[in-house]
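>>> Fold the stuff below for me.
(one chain, ligands or ions: 1)
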Amino acid sequence: MTSPTLILPERSHVIPSDLRAAIGVDKVKDDYSTLTAYAVDASIYRMTPQAIVLVESEEDIAATVRYAVQRGIPLTPRAAGTNLTGSAIGSGIILDVSRLNRILELNREEGWARVQPGIVLAELNKKLARDGLLFGPDPSSGDMCKLGGMLANNSSGPHTLRYGAVKDNVAALRVCVAGCQGIWVRRSELCRSAEGA
Ligand SMILES: Cc1cc2nc3c(=O)[nH]c(=O)nc-3n(C[C@H](O)[C@H](O)[C@H](O)COP(=O)(O)OP(=O)(O)OC[C@H]3O[C@@H](n4cnc5c(N)ncnc54)[C@H](O)[C@@H]3O)c2cc1C
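Numbering: from 1, shown residues only. All right, here's what the predicted structure looks like:
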């Protein structure tokens, strides 16, 4: 009896090797187990990507976005992968923000914090609690989900009537768009685009 053939997904090594050259060897993964792990999120869907980039800086994000746009490769940001709709899986490059997980600035008097997108909600609130502060939106996935994913989903929870959803608790965003390193979008612009939507 012949043993069954192991069928591995077809993939190109060009994308990961280009990304390694641009961003760094230890930040890009394309081994079989990592691709398999990133092929799923908390949804029912499955899609195997070509490469995972574990970004550590704004420059890494800009370089990844630039490469994906130039080559026309689908790019999917990923935080904790707890969304239920398949929005953190994709066929091209997965841009994982988990290593960007710090509070960069905390203004106790005015009650705001500048945070990176990979910080877990529960971790953020544990740190804020020392100063009697809280980030109010409380999805039930709060022990795992991260601020970047919550933002994209406009997460809410049982205390939304009191504190609002994520959109009501964001003063400014630093965003990366193709062609520039990063731009600030502040509350007034956020309100204008929400009104126009
Ligand atoms: C058990 C469970 C309970 C839940 N309970 C609730 C609930 O009570 N209320 C609620 O609102 N939701 C709930 N959710 C779903 C909720 O939407 C997610 O848990 C959370 O918002 C996603 O966060 P994440 O870090 O896992 O993001 P991911 O799943 O990794 O990503 C979600 C989306 O955000 C995008 N994204 C991630 N990071 C960035 C970034 N830096 N920039 C741009 N886009 C980015 C991704 O591309 C994707 O489209 C629940 C989910 C589970 C599994």
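>>> in stretch 115-125, what's buried?
115-121, 123-125 (16 or more other Cβ atoms under 10 Å). C-betas here are computed from N, CA, C, even on glycine.
>>> What are the phi and psi values at Y45?
Y45 adopts backbone torsions of phi -90, psi 160, taken as degrees, to the nearest 10.
>>> Relative to the ligand, how far out is it?
Using Cβ to the nearest ligand atom, to the nearest Å, we find Y45 at a distance of 12 Å from the ligand.
>>> what about that residue, neighbour count?
Other residues lying near Y45 total 14 when counted by other Cβ atoms under 10 Å.
>>> which residues sit in contact with it?
Y45 makes contact with 86, 89, according to Cβ atoms under 8 Å, 6 or more residues apart in numbering.
>>> For M144, which three-state class applies?
coil (DSSP: H, G, I helix; E, B strand; the rest coil).
>>> Do I have it right that R186 meets A172?
Yes - counting by Cβ atoms under 8 Å, A172 is a contact partner of R186 at 4.5 Å.
>>> who has more neighbours, those two?
A172 (14 against 11).
>>> pLDDT score for the more buried one?
As predicted, A172 sits at a pLDDT of 96.
>>> OK, contacts around it?
Contacts for A172 were tallied using Cβ under 8 Å, 6+ apart; they are 184-187, 190.
>>> Phi and psi next, for it.
With angles defined as degrees, to the nearest 10, A172 sits at phi -160, psi 150.
>>> can you confirm R174 is in a strand?
Yes - under the criterion used here (three-state DSSP), R174 sits inside a strand.
>>> Across the sheet, point out what pairs with it.
Per DSSP bridges, the residues bridged to R174 are W184.
>>> now it: how far from the ligand?
Distance, R174 to the ligand, using Cβ to the nearest ligand atom: 10 Å.
>>> and that residue, how many neighbours?
Applying other Cβ under 10 Å, we find 15 other residues in the vicinity of R174.
>>> Tell me the helices and strands packed up against the helix or strand hosting P77.
When secondary structure is defined by DSSP states H and E, P77 falls within strand 75-78. The contact analysis (3 or more Cβ pairs under 8 Å, 6 or more residues apart in numbering; DSSP states H and E) places strand 75-78 against helix 58-71, strand 93-96, helix 147-153.
>>> Closest to the ligand out of the contacts of A172?
The closest of the contacts of A172 to the ligand turns out to be V185 (Cβ to the nearest ligand atom; 12.2 Å).
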